[in-house]
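1. I'd like to go over a predicted model; first the sequence, then the structure.
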Amino acid sequence: MAMIKCPECGNEISDKSELCVCCGYSLKQNTPKKKKRKSKKAPIIICVCLLLVAIVIGVCCYILYMNDWNFDEVSNTISSKHYSCILGHNWQDATCTTPKKCSICGYCLGKPLEHTWREATCTAPKTCTSCWITKGTALGHSTRMGTCTRCNKVIKDLDEEWLKIVTDIQDDVLPELSDIALKLQYANIYSGIVRVNYVVSSIDNCREASKKITYIYLYANKYKEFSTVSDYLQKAKESIPIYSDGCTITESDYATYSLEIANGCQKALDYIKKATDYNFK
């Protein structure tokens, strides 16, 4: 402990005393102040803080940049805790049934697009032009033979059936009608019992022709597309005269029968020609 003199009274006192024991003078106010040393760490701390702020700002700007500067999208990503997509979602386009969706985190945005329907046609059901899903069945053509009223295409689904009808007429009915016409010609040439026999034989041919026309009519009548053809065949059948088995023909009345048969068969032939020449529209 060192001794110093009191500036006020001059007595010696301890240098650690705050007051003079003799006069009560305060020694503290004359004690020289120590100079504070400036800290060398302060600039470093300031620089580090500024660097951290710059990094935070840079990261925020980069995140906004990666999200096309869409602050709301970034806010939604953070609030929904989809942190894996903080630098931007990997979007999958919206479809008819699902909204726009991130393939990484599964986050959805917006609503589904909904279907864009194309109406059903004759050959295709109702179809979405975006996802190609179908609904229901195709309408089908309005007819199986002729022109479809929906698509205006010529349809020939019953070509085989139609060919059978025409073939049966040509192979079965027309030969019978030709035999009738030939026998009636012979009846006009010959006389007596020969003439009568030709007329009687032509009556048998009428029965056969009627049966064959009936068979073709029943087949054609199964298809509504052949309704007009069926009507012609029905009229052809009704035009052919049919006589009972006990019908007696003499030489004196053969001409009456012959004329009746000839006229009826000619009408039947006309109807059959209309049937085979029918144009399916």
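-> Arrived safely, thanks for sending. Numbering: from 1, shown residues only.
2. ok, I242 touching C206?
-> Yes - if you go by C-beta atoms under 8 Å, I242 and C206 touch, sitting 6.2 Å apart. (C-beta placed from N, C-alpha, C; glycine too.)
3. looking at these two, which is more packed in?
-> C206 (21 against 13; other C-beta atoms under 10 Å).
4. doesn't A262 make contact with the more buried one?
-> No - if you go by C-beta under 8 Å, C206 and A262 don't touch, sitting 10.8 Å apart.
5. which neighbours do these two have in common?
-> Residues touching both C206 and A262 (C-beta atoms under 8 Å, 6 or more residues apart in numbering): I180.
6. now do the strands in the stretch 151-281 of the chain.
-> Assigned by DSSP state E, counting those that start in this stretch, the strands in the stretch 151-281 of the chain fall at 154-156.
7. what about it, any weak spots by pLDDT?
-> Counting by pLDDT under 70, not a single residue of the stretch 151-281 of the chain qualifies.
8. ranges for the helices of it?
-> Using DSSP state H, counting those that start in this stretch, the helices of the stretch 151-281 of the chain run over residues 159-168, 174-189, 192-220, 227-239, 254-276.
9. want to throw those helices into JSON lines with distance to E18?
-> Below are the helices of the stretch 151-281 of the chain laid out as JSON lines (distance: least, C-beta to C-beta, whole Å):
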{"stretch": "helix 159-168", "distance to E18": "131"}
{"stretch": "helix 174-189", "distance to E18": "152"}
{"stretch": "helix 192-220", "distance to E18": "139"}
{"stretch": "helix 227-239", "distance to E18": "135"}
{"stretch": "helix 254-276", "distance to E18": "144"}
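10. what sits against D172?
-> Taking C-beta under 8 Å, 6+ apart, we find D172 in contact with K212, I216.
11. and the residue nearest the centre of the chain, what are its bridge partners?
-> Against the mean C-alpha coordinate of the chain, by C-alpha atoms, centre = their mean, the closest residue is T127 at 1.4 Å. Judged by DSSP bridges, the bridge partners of T127 are R118, T134.
12. in this structure it contacts T116, no?
-> No - contact criterion C-beta under 8 Å: T127 and T116 do not qualify, at 9.5 Å.
13. list the buried residues for stretch 271-279?
-> Across stretch 271-279, burial judged by 16 or more other C-beta atoms under 10 Å covers Y271, I272, K274, A275, T276, Y278.
14. out of these, which comes closest to L109?
-> Closest approach between the buried residues of stretch 271-279 and L109, by C-beta to C-beta: Y278, at 63.5 Å.
15. so where's the stretch 1-150 of the chain shaky on pLDDT?
-> Residues of the stretch 1-150 of the chain that meet the cut-off, pLDDT under 70, sit at 1, 27-40, 59-88.
16. okay, strands next: where are they in it?
-> Under DSSP E, counting those that start in this stretch, the stretch 1-150 of the chain gives strands at 3-5, 12-14, 91-92, 100-102, 108-109, 117-118, 126-128, 134-135, 145-147.
17. Y254: which of those is closest?
-> strand 145-147 (44.5 Å).
18. give me the sheet partners of that closest one and which way each runs.
-> Strand pairing (DSSP bridges) places strand 145-147 next to strand 154-156 (antiparallel).
19. identify the residues contacting the closest residue to K274 other than its chain neighbours.
-> Distance criterion C-beta to C-beta, 6 or more residues apart in numbering; nearest residue to K274, sequence neighbours excluded, is Y232 at 4.9 Å. Applying C-beta under 8 Å, 6+ apart to Y232 gives the contacts Y271, I272, K274, A275, Y278.
20. contact partners for the second one?
-> Residues near I272 by C-beta under 8 Å, 6+ apart: I169, V173, L174, L177, I213, Y232, L233, A236.
21. and the residues you listed as JSON lines, adding distance to G246?
-> Converted to JSON lines, those look like this (distance: C-beta to C-beta, whole Å):
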{"residue": "I169", "distance to G246": "31"}
{"residue": "V173", "distance to G246": "26"}
{"residue": "L174", "distance to G246": "29"}
{"residue": "L177", "distance to G246": "25"}
{"residue": "I213", "distance to G246": "24"}
{"residue": "Y232", "distance to G246": "32"}
{"residue": "L233", "distance to G246": "28"}
{"residue": "A236", "distance to G246": "26"}
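22. closest to A42 among these?
-> Y232 (116.4 Å).
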